[in-house]
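[1] Everything below, folded, please.
(2 chains)
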There are 2 protein chains.
Amino acid sequence: MKVIKTTDKNFTKEFQEILNRGKMDISNVENIVKEIINEVKNEGNKALFRHISKFDKWTPTKNEDLEISKSEMKKAYDNLDEELKKALHLAYNRIKAYHEKQLPKSWLDFEENGSILGQKVTPVNRAGVYVPGGKAFYPSSLLMNVIPAIVAGVREIIVTTPVIENKPNELLLAALYICGAPKTFKVGGASAIAALSYGTESIPKVDVITGPGNIFVATAKKLVYGDVNIDMIAGPSEIGIIADNSAKPDYVAIDLLSQAEHDEMASSILITDSEMLAIKTLEKIKKFLKELERREIAQKSIEERGAIIITQNIEEAINFMNEIAPEHLEILTKNPFELLPYIQNAGAIFLGEYTPEPIGDYIAGPNHTLPTGGTAKFYSPLNVEIFMKKSSIISFSKKAMEEMGKSCAILAKTEGLTAHQKSVLQRFK
Amino acid sequence: MKVIKTTDKNFTKEFQEILNRGKMDISNVENIVKEIINEVKNEGNKALFRHISKFDKWTPTKNEDLEISKSEMKKAYDNLDEELKKALHLAYNRIKAYHEKQLPKSWLDFEENGSILGQKVTPVNRAGVYVPGGKAFYPSSLLMNVIPAIVAGVREIIVTTPVIENKPNELLLAALYICGAPKTFKVGGASAIAALSYGTESIPKVDVITGPGNIFVATAKKLVYGDVNIDMIAGPSEIGIIADNSAKPDYVAIDLLSQAEHDEMASSILITDSEMLAIKTLEKIKKFLKELERREIAQKSIEERGAIIITQNIEEAINFMNEIAPEHLEILTKNPFELLPYIQNAGAIFLGEYTPEPIGDYIAGPNHTLPTGGTAKFYSPLNVEIFMKKSSIISFSKKAMEEMGKSCAILAKTEGLTAHQKSVLQRFK
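    Okay, here's the model as predicted:
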């Protein structure tokens, strides 16, 4: 694990490496993904059958094979361990409650001249949710993507997920049931993104696609962007921790590792003004690493992409963290709320020692789909608004037209758009 | 101009053509644009000099040549015709007032167990605004893009625009001055988008790029998406009008033409349940066409891409219009507000006979940068939120952790993420 001081000679160079952590080179897979998309566009389900056969170790033969039935979902739910069921329902309810607070409202505003301006908010008609299903199953991902769409009022939600050997994961099935058993198709990868974007005999074309995935999924999402809307292009997971000498090294160490266990490409970065904390955290990381099931992944990640930055004070720590713009940011200082005004860039901010990052992954309520690789500088967490869109409302009265029409006509004329000018002046005839 | 009835045999086929109106094929320019972007990435200003020399009929020789000075802007403003100045200020103030109403607020929400959840809203640090400047100058475009960024609280706004023969348009200069004289660079096309996305010696890297442009600009925006955020990928302009027999054919005709004059590729579509209105509108279009300065463009657009659809009733008109999802929608019926609940998809909705579409282009207040080609099904008008991003806030108390930590740990374990589980359980030790 890299330990650097901001006063080190080579700090700028080392820090630049951290800033570049999220660069994803899609040029190697772009052509393959383009071909997959074209095949699905041109051949529909037939292409899906072929791709499933190639990647998922089973071969659908008819259209109905692609869909997971509601009865399967119910059965898995009925068989679910009670404690797990309770946990899933708790997560569902808290995620729902949080996202309901995000709901934007339509509004109208009235002027004395009789004109009315406003904004109408409408859910999209159909949303597609991608759930990864290759190496691991993340039912929490399903909840985090489907619930905001439900809260937004989307009429139809379509889920797609790869199902290896045609054996759906029981927990995912149960989670689907809890989410109201949306139409779910056993298709993964770039094929799924293409099917959702352009439609096939079985899978309806959607308006927006959300959900994480590997580089093929991310590339497909980028390529279809514009034909449908997408949430964001997600890279490897990451955590940044700002801590002072009041932080417990135990907590700092295990929280860094909990991000590192996700992925060898994950980044776990502590920035602290306490050299003592840095030293103790390193010791604890060594100790905890031995106890982890996903030790190999975590170790590789923390060694190659983990870092501890020692600053001269907490202000400096905040400034560097704002440049990093981490997906998850923990603040473990004496009074974390005091620092909140200065945090510019972070997907989600976890305050205080009883708020470890995994609380936000599952149960707190806010979305765990967050901008990575520094994109928190301009992207927001997944939220209900990706499933909604706005229309401006304009109603001018005769009086408003009399007051402002002439100015409008002048501007139109100046831009050389005389039919625009005429359209306004026609109202004065 | 195509006139079709929904009861016609070939209606579905004809309607499908209207639905496909927005398809933009970028495959022809994609490689050229990729090369331009790479040149700017690798060579910075040097590449910009070369591209300007090639496309804009002048050759910058030093870095300072790229920037428009504030004194030029002020001079143009001081020399501006008084009526025009008044019109620009009116537009500025109304656009600002409308966008201020859109501002989202940060919020916190408290639970009895002591936990705090919320959402922090922060402006992006730096925004880039692209203003086209080849064939026409649209100072209104500048206002519509820069003002939301100002309202959002963006620290630094960077404008780029191509300046043919190194002679900036006086009106654009004046409009820049009214917008607070942001840093403005004389660079256009894909080069400008690349410079804003990755930075050069002169042009700082931004977080988000907005503004319309030709297919090179649109393609560049799509390619850099993810490295920066973008507003949307805009296609040719369009208007849809829903009208009944109460509508004045004069108004309908000139409003259709005011869209047609923009671009040969523009689409102007009337949907009405009144065959009489359809006939009279056609007559008026013929009459007005003769009087237009941009007659050739308008005529080609209206002939090749204009359409009148005659429905059996207004409900049917609304349903088809929702499928079209037009950029601009005028409702010219007896009581237009009654129809508002049923409008699902439209960039901006213009209600009643005193609200011709050009009012929204210049003076009403809502943004004129709107989703085209049917993308109003999932995109919103340009608004302050593209210049802001959100961070989730989570603060769990000891009590909240005691209530929910165990459920969280179970879910983490079930997903195989034992460091996540351990991170939570560590808080119980």
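
[2] Where does the stretch 51-200 of chain A get nearest to chain B, residue-wise?
    Nearest residue of the stretch 51-200 of chain A to chain B (CB to the nearest CB) works out as A:A87 at 3.8 Å. Bear in mind the C-beta positions are built from the backbone N, C-alpha and C, glycine included.

[3] Shouldn't that residue be within a helix?
    Yes: counting by DSSP: H, G, I helix; E, B strand; the rest coil, A:A87 is found in a helix.

[4] For it, which non-adjacent residue is spatially closest?
    B:S407 (3.8 Å; CB to CB, 6 or more residues apart in numbering or on different chains).

[5] ok, the one you found to B:T414 distance?
    In this view, B:S407 and B:T414 are 11 Å apart by CB to CB, to the nearest Å.

[6] Going by secondary structure, the residue positioned nearest the centre of chain A is in what exactly?
    Of all residues in chain A, the one closest to the mean position by CA atoms, centre = their mean is A:T369, 3.0 Å from it. Under DSSP states H and E, no helix or strand contains A:T369.

[7] ok, now which ones touch the nearest residue to it once chain neighbours are set aside?
    Closest residue in space to A:T369, ignoring its immediate chain neighbours: A:L382 at 3.7 Å, by CB to CB, 6+ apart. A:L382 makes contact with A:M144, A:N145, A:P148, A:T210, A:D231, A:M232, A:N367, A:T369, A:L370, according to CB atoms under 8 Å, 6 or more residues apart in numbering or on different chains.

[8] that older thread, neighbours of the residue of the stretch 51-200 of chain A closest to chain B, how many?
    24 (other CB atoms under 10 Å in any protein chain shown).

[9] Touching, it and B:G405? I think so.
    No: using CB atoms under 8 Å, A:A87 is not in contact with B:G405; the gap is 10.9 Å.

[10] quick one: the helices in the stretch 1-150 of chain A?
    Assigned by DSSP state H, counting those that start in this stretch, the helices in the stretch 1-150 of chain A fall at A:11-19, A:27-43, A:45-55, A:70-78, A:82-100, A:139-152.

[11] ok, of the contacts of A:L382, which one's closest to B:G114?
    Lowest distance from B:G114 to the contacts of A:L382 (CB to CB) belongs to A:N367, with 22.1 Å.

[12] number of nearby residues for that closest one?
    The local packing of A:N367 (other CB under 10 Å) involves 26 other residues.

[13] Tell me if I'm right that it and A:E385 touch.
    No: the pair A:N367 / A:E385 is not scored as a contact, 11.4 Å apart, by CB under 8 Å.

[14] Which segments of chain A make up each domain?
    Following the assignment in automatic domain parsing, chain A carries domains at A:2-23+A:235-364, A:27-230, A:397-428.

[15] got CSV for those domains, with mean pLDDT too?
    As requested, the domains of chain A are exported to CSV (pLDDT from 0 to 100):
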stretch, mean pLDDT
domain A:2-23+A:235-364, 96
domain A:27-230, 96
domain A:397-428, 95
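
[16] would CSV of those with distance to B:K290 be doable?
    Formatted as CSV, the domains of chain A follow (distance: least, CB to CB, whole Å):
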stretch, distance to B:K290
domain A:2-23+A:235-364, 57
domain A:27-230, 33
domain A:397-428, 12
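
[17] nearest to B:L351, of the ones you listed?
    Nearest to B:L351, of the domains of chain A and by CB to CB, is domain A:27-230 at 7.6 Å.

[18] and the stretch 101-250 of chain A, which of its residues are near chain B?
    Counting by CB under 8 Å from any CB of the partner chain, the stretch 101-250 of chain A comes close to chain B at A:101-102, A:104, A:107, A:109, A:115-117, A:119-120, A:122, A:124-125, A:136-140, A:171, A:207-208, A:222, A:225-226, A:228-229, A:232-233, A:250.

[19] From those residues, which land in strands?
    Members of those lying in strands (criterion: DSSP state E): A:W107, A:D109, A:I116, A:L117, A:Q119, A:K120, A:T122, A:V208, A:N229.

[20] Of those, grab the buried ones for PyMOL.
    This is the PyMOL syntax for the buried subset of those, where burial follows 16 or more other CB atoms under 10 Å in any protein chain shown:
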select buried, chain A and resi 116+117+119+120+122+208+229
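
[21] Spatially, which two of the ones in strands among the residues of the stretch 101-250 of chain A next to chain B are the most separated?
    Maximum pairwise distance among these (CB to CB): 29.1 Å, between A:I116 and A:V208.

[22] now the helices: where do they sit in the stretch 151-300 of chain A?
    A:170-178, A:189-198, A:215-224, A:249-260, A:275-291, A:295-305.

[23] quick one: the spatially most distant residue from the centre of chain A from chain B, how far?
    For chain A, the largest distance from the centre (CA atoms, centre = their mean) belongs to A:K429, which lies 53.4 Å off. Distance of A:K429 to chain B, given as CB to the nearest CB, to the nearest Å: 8 Å.
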